[in-house]
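K.L.:
fold the stuff below for me.
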Amino acid sequence: MVEERVTTTDGHPQTTIIERRGGSGGVLIAIVLLIAVVIGGLYLFGRQGAQNQKDAAITSAAKSVGGAADKVGDAVGGNGK
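P.N.:
Predicted structure coming up:
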């Protein structure tokens, strides 16, 4: 950003140009936030995968118990083959 100032010294106008440069602090903060979001996303997706594996194991165990109960029911009912 450039700022221009006109001042008068002893009746003579003088132009002073002041150039301001922004710091790199904003860019650094943006990069840190981006890295934090990526790491958080990877963490959440990793936990979701582990949860899906747990759900699959529970479903498989429930099906096995259900199959065993069917066999016991058939044997008790006299329908054994």
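K.L.:
residues in contact with the spatially most central residue of the chain?
P.N.:
With distances taken as CA atoms, centre = their mean, residue 41 lies nearest the centre of the chain, 2.5 Å away. Taking CB atoms under 8 Å, 6 or more residues apart in numbering as the contact definition, residue 41 lies against nothing. C-betas here are computed from N, CA, C, even on glycine.
K.L.:
quick check: which element contains it?
P.N.:
Following DSSP states H and E, one finds residue 41 within helix 25-77.
K.L.:
point out where the chain drops to low pLDDT.
P.N.:
Applying pLDDT under 70 to the chain flags residues 1-2, 22-23, 78-81.
K.L.:
in a helix, residue 7, correct?
P.N.:
No: applying DSSP: H, G, I helix; E, B strand; the rest coil, one finds residue 7 to be strand, outside a helix.
K.L.:
once you drop chain neighbours, what's closest to it?
P.N.:
Using CB to CB, 6 or more residues apart in numbering and skipping residues adjacent in sequence, the residue nearest residue 7 is residue 14, 5.3 Å away.
K.L.:
so which elements touch the one helix or strand the one you found maps to?
P.N.:
Counting by DSSP H and E, the element that carries residue 14 is strand 12-19. Counting contacts by 3 or more CB pairs under 8 Å, 6 or more residues apart in numbering; DSSP states H and E, strand 12-19 packs against strand 2-9.
K.L.:
quick revisit: from residue 35, how far off is the residue nearest to the centre of the chain?
P.N.:
Counting by CB to CB, to the nearest Å, the gap between residue 41 and residue 35 amounts to 11 Å.
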